[in-house]
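Trainee: no FASTA, just this:
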Ligand code: ACO
């Protein structure tokens, strides 16, 4: 049975940068509060005419170019997003059309900040079972559109962006272990509680979060998951070379690194410049580190994401 391997990465960030200092002019906050509680210094915000599929397209073209793969070679497209262009069709179908290819399966995965690891796991399974050979996996979000910009507790945390990888079937590993989890009992601590009802939006389409509850849940769940993932691969913690975590909060990331005995120079951190871009955060961080040549061939990388649902997951792979 073949493995799946990442053969190309790409990302895109909207041009507009919103600094903490600018935010402090809009809501009662400060650069000092935001940096000390989260590690975030700035975030990118999409222009009004930029859709999730536009961000996804730019990241995808960069990933395809770095993989040396033409769009026509793709036999599956998966987009992880919680902020799709429209209710339907799926953003993956819109992306497929914008890439100028037609016919291959294309669908969205909705697992909020865990979306990218859910999508990557799905792609890996398609390749392992022989249903696909070349897959584009994208995380793309415009969270700025679902934020209440008067709520200082949430609007300072998020940003917009997209990241993508191309996965190919390979005799060499590749993805080693994937683990996905969800616990719907915790769905209320992080939610955008709106629905469409007879032509109207029912409820508030703004992100709502119990920050301390999310923090507590994330720290415990990510530590347990990291241990479980390495154990499933039969590898000791000391073998791990890199952690590429979801970029929500520096304190959560530091806690996972400490649990794994990894120094912070072995952890990819981009949230100071990107904020939390939900499903886009891991592939954005991955692309930045890969392009900078930080990962060496054969190194062992752990990707971990967690978010609304609650949903969380990990992917352990050899670079
Ligand atoms: N600026 C200044 N003060 C603020 C701000 C702000 N932006 N936001 C909240 N405060 C105030 C609160 O009003 C509160 O004031 P009070 O004591 O007078 O009532 C005080 O700061 C403390 O509020 P807490 O919510 O208890 O602050 P906490 O130390 O828990 O930090 C934070 C909040 C940063 C959100 C933290 O809980 C956290 O990081 N949680 C994880 C959330 C997260 O990462 N979410 C991302 C989505 S989920 C995911 O991706 C994993």
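Mentor: Done, it's in. What you see is a predicted model; the values in this text were computed from it and never measured.
Trainee: only C-alpha atoms for contact and neighbour calcs from this point on.
Mentor: Noted.
Trainee: tell me the centre residue of this structure?
Mentor: Central residue of the chain (Cα atoms, centre = their mean): residue 279, 2.9 Å from the mean position.
Trainee: name the SS class of that one, please.
Mentor: helix (DSSP: H, G, I helix; E, B strand; the rest coil).
Trainee: can you pull the contacts of it?
Mentor: 80, 81, 82, 111, 112, 113, 114, 115, 116, 139, 140, 141 (Cα atoms under 8 Å, 6 or more residues apart in numbering).
Trainee: so what's the backbone phi/psi at the fifth one?
Mentor: The phi/psi pair for residue 112 (degrees, to the nearest 10) reads phi 50, psi -130.
Trainee: just the ones of the contacts of residue 279 in strands?
Mentor: Per DSSP state E, strands hold the following members of the contacts of residue 279: 80, 139, 140, 141.
Trainee: gap between the third one and the ligand?
Mentor: Residue 140 sits at a distance of 14 Å from the ligand (criterion: Cα to the nearest ligand atom, to the nearest Å).
Trainee: what ranges do the helices span in the protein?
Mentor: Ranges of helices within the chain are 20-23, 31-38, 52-67, 91-98, 115-128, 152-155, 211-233, 250-260, 271-274, 281-291, based on DSSP state H.
Trainee: which ChimeraX command selects the buried ones in the ones in strands among the contacts of residue 279?
Mentor: In ChimeraX, this line selects whichever of those come out buried by 16 or more other Cα atoms under 10 Å:
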select :80,139,140,141
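Trainee: nearest to the ligand, of the ones in strands among the contacts of residue 279?
Mentor: residue 141 (12.6 Å; Cα to the nearest ligand atom).
Trainee: which residues does the closest one bridge with?
Mentor: residue 161 (DSSP bridges).
Trainee: for residue 302, same thing?
Mentor: Assigned bridge partners for residue 302, using DSSP bridges, are residue 243, residue 316.
Trainee: could you check how far residue 133 is from residue 221?
Mentor: Residue 133 is 32 Å from residue 221, where distance means Cα to Cα, to the nearest Å.
Trainee: the two: which has the busier surroundings?
Mentor: residue 133 (22 against 16; other Cα atoms under 10 Å).
Trainee: thinking the more buried one is in contact with residue 77, fair?
Mentor: No: taking contacts as Cα atoms under 8 Å, residue 133 lies outside contact range of residue 77: 11.4 Å.
Trainee: can you list residues touching both of those two?
Mentor: Joint contacts of residue 133 and residue 77 (Cα under 8 Å, 6+ apart) do not exist.
Trainee: would you check how far apart the spatially closest residue to residue 65 that is not a sequence neighbour and residue 138 are?
Mentor: Spatial nearest neighbour of residue 65, chain neighbours left out: residue 8 (7.6 Å); criterion: Cα to Cα, 6 or more residues apart in numbering. Here residue 8 is placed at a distance of 12 Å from residue 138 (Cα to Cα).
Trainee: now do the shared contacts for the two.
Mentor: Contacts common to residue 8 and residue 138, judged by Cα under 8 Å, 6+ apart, are residue 165.
Trainee: of these two, who's got more company?
Mentor: Between residue 8 and residue 138, counting by other Cα under 10 Å, residue 138 is the more crowded of the two (38 against 23).
Trainee: who in this structure is up against the ligand?
Mentor: Taking Cα under 6 Å from any ligand atom as the contact definition, the chain meets the ligand at 29-30, 33-34, 37-38, 113, 152-153, 156, 211-212, 214-215, 248-249, 306-307.
Trainee: I am finished for the moment; much appreciated.
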